[in-house]
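>>> sequence? don't have it. structure:
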């Protein structure tokens, strides 16, 4: 016979699974409705606009729709997972591309990550990710780290502007740098260098690319995409909408099992 | 009894060693004289100037002296080593800090490196390195790659500005990037990312530091220096003046022997 405590713990676990499944179901249902509603809107509106106007108006429709139907689900999810330890770092770590970017020494700081959001930029053609951190985070002062992607026409080529927040690290806590003692000539000096860290994702970069925005498909088209952009797209399209599924899943483990 | 060919090869090897030793001797002697002459100049001139004027005038004296006494030796050395395969890459590779930065795939391109020079910036407080490449180099178009270091006062902190030449890579030859196929969602895409390469040294960076120029010692003073700056100083103070010694030496091997 099981103890009352065991039964209470089991009950609590089942409750959590139940809550998680409800969120997954809500988002899956919302996405299915969204795809249908969007196709309906497209069918009704395509003939009224030229290609660019159509893109802009569809973006506006998207934003309005998502604000009404998804934002509240994401907000409820945020509240539901806020006491789940390591929720977002676990969800990100389950993806095998993002996992490679997370260094062992990042994990502690990423435990303070309490939400990730995405939105379009003002011109609608780019997007921005927002990473919300708990104020008790002892690694850096910022409560929000953002990364924004925008395309700029550079004549012969296109520039993909990747603008990240400058991280205000607390003294001795910089996770993107390592310090090593080196002997140069006859002197021993402390040398600082960039090291592997997920927080390098927030570095501001200008990528010279041949990418262009396919307004119809609403995505960048091109042969080769930069790694940080690929990660941003995975976060926007996969991790943010399906964070609970990712939290309960391990792409690497799943692939091992498939082998 | 040895063949005539063997004797001729030996003679040629001895001639090369002889030429190398003469250059090493010439530079060592020049440096000894320089240190004495500079001390003499300092003793005679210190009282005539305030600290900053003294620094500026000593820099001018240095530049004039080096132009007259070192430039011709370096120029003769350049001519003497121009047919020695991999001279500069071997000299750099012998230093254990620089060696770590040279990736296997860099070696072929660095064989086209035919000289390295250094000079002060116009304000005398910074310096610039110039890497001269043979025009037959199939990796990039530039025949000269430069890296300039300057300090800028930023109020609360100092900025060490590290400005490098933008490398004009030939198509498919970019050594600082690697391309990998990745599956994102249901799509296979080519993802480009930065990889280890000595040529990352030419990236333009702004280092926020606490370094300051000690005009008396004519060097940056501070607790922690960035790795690329440390490498630039090693090149300026060790590799360029003593390239022939480095070519014939292996710091890593020498340390192994010492162990």
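Structure's in. What do you need? Treat the numbers as computed from the prediction; the structure is a model and nothing was measured.
>>> okay, the residue of chain A positioned farthest from its centre: pLDDT?
Farthest-out residue of chain A from its mean C-alpha position, per Cα atoms, centre = their mean: residue A:186, at 46.9 Å. Looking at residue A:186, its pLDDT reads 83.
>>> And residue A:252, by the same measure?
At residue A:252, pLDDT is 67.
>>> re earlier: quickly note the distance from the residue farthest from the centre of chain A to chain B.
11 Å (Cβ to the nearest Cβ, to the nearest Å). (Glycine included, C-beta is placed from N, CA and C.)
>>> Contact partners for that residue?
Contact analysis of residue A:186 by Cβ atoms under 8 Å, 6 or more residues apart in numbering or on different chains lists nothing.
>>> Same question for residue A:77.
A:23, A:27, A:243, A:244.
>>> Pick the one among those residues closest to residue A:157.
residue A:243 (35.3 Å; Cβ to Cβ).
>>> and residue A:215, what pLDDT?
On pLDDT, residue A:215 comes in at 83.
>>> That one touches residue A:59, doesn't it?
No: using Cβ atoms under 8 Å, residue A:215 makes no contact with residue A:59, being 9.3 Å away.
>>> now stretch A:143-163, how far from the chain's geometric center?
16 Å (Cα atoms, centre = their mean, to the nearest Å).
>>> cool, and stretch A:4-12?
On Cα atoms, centre = their mean, the centre of stretch A:4-12 falls 35 Å from the chain's centre.
>>> which residues touch that stretch?
Outside stretch A:4-12, no residue touches it (Cβ under 8 Å, 6+ apart).
>>> buried residues in it?
Buried residues in stretch A:4-12, counting neighbours by 16 or more other Cβ atoms under 10 Å in any protein chain shown, are absent.
>>> pLDDT of it, averaged?
79.
>>> So what's the residue count around residue A:116?
Number of residues near residue A:116 (other Cβ atoms under 10 Å in any protein chain shown) recorded here: 20.
>>> Secondary structure element for it, which one?
strand A:113-120 (DSSP states H and E).
>>> what are the pairing partners of the next helix or strand after that strand, and which direction each?
Per DSSP H and E, the first helix or strand lying C-terminal to strand A:113-120 is strand A:127-133. Using DSSP bridges, strand A:127-133 pairs in its sheet with strand A:113-120 (antiparallel), strand A:144-154 (antiparallel).
>>> Please name whichever of those strands is nearest to residue A:237.
Here strand A:113-120 is closest among these (Cβ to Cβ), at 8.7 Å.
>>> ok, and what's touching that closest one?
With Cβ under 8 Å, 6+ apart, strand A:113-120 has contacts from A:59, A:63, A:74, A:78, A:82, A:87-89, A:126-134, A:235-236, A:239-240, A:243.
>>> are any of these buried, and which?
Here, 16+ other Cβ under 10 Å leaves A:59, A:74, A:78, A:87-89, A:126-129, A:131-133, A:235-236, A:239-240, A:243 buried among the contacts of strand A:113-120.
>>> Let's see the pLDDT reported for the most centrally placed residue in chain A.
For chain A, the residue lying nearest the average C-alpha position, counting by Cα atoms, centre = their mean, turns out to be residue A:235 (3.0 Å). Confidence at residue A:235, expressed as pLDDT, is 97.
>>> Can you tell me who the nearest residue in space to it that is not next to it in sequence pairs with across the strands?
Among residues not flanking residue A:235 along the chain, residue A:129 sits closest, at 5.8 Å (Cβ to Cβ, 6 or more residues apart in numbering or on different chains). Legend: beta-bridge partners of residue A:129 under DSSP bridges are residue A:118, residue A:147.
>>> OK, contacts around residue A:129?
So residue A:129 contacts A:116, A:117, A:118, A:146, A:147, A:148, A:232, A:235, A:236 (Cβ under 8 Å, 6+ apart).
>>> What parts of the stretch 151-259 of chain A come near chain B?
A:179, A:182, A:184-185, A:189-193, A:223-227, A:230, A:233-234, A:237-238 (Cβ under 8 Å from any Cβ of the partner chain).
>>> Please tell me how far residue A:152 sits from residue A:223.
19 Å (Cβ to Cβ, to the nearest Å).
>>> With residue A:59 instead?
From residue A:59 to residue A:223 the distance is 25 Å (Cβ to Cβ).
>>> and if you look at residue A:239?
From residue A:239 across to residue A:223, the span is 25 Å (Cβ to Cβ).
>>> Which of the helices or strands spans residue A:182?
Assigned by DSSP H and E, residue A:182 belongs to strand A:177-184.
>>> Sheet-wise, list the partners of whichever helix or strand comes after that strand with their directions.
Per DSSP H and E, the first helix or strand lying C-terminal to strand A:177-184 is strand A:187-194. Looking at strand A:187-194 with DSSP bridges, its partner strands are strand A:177-184 (antiparallel), strand B:224-226 (parallel).
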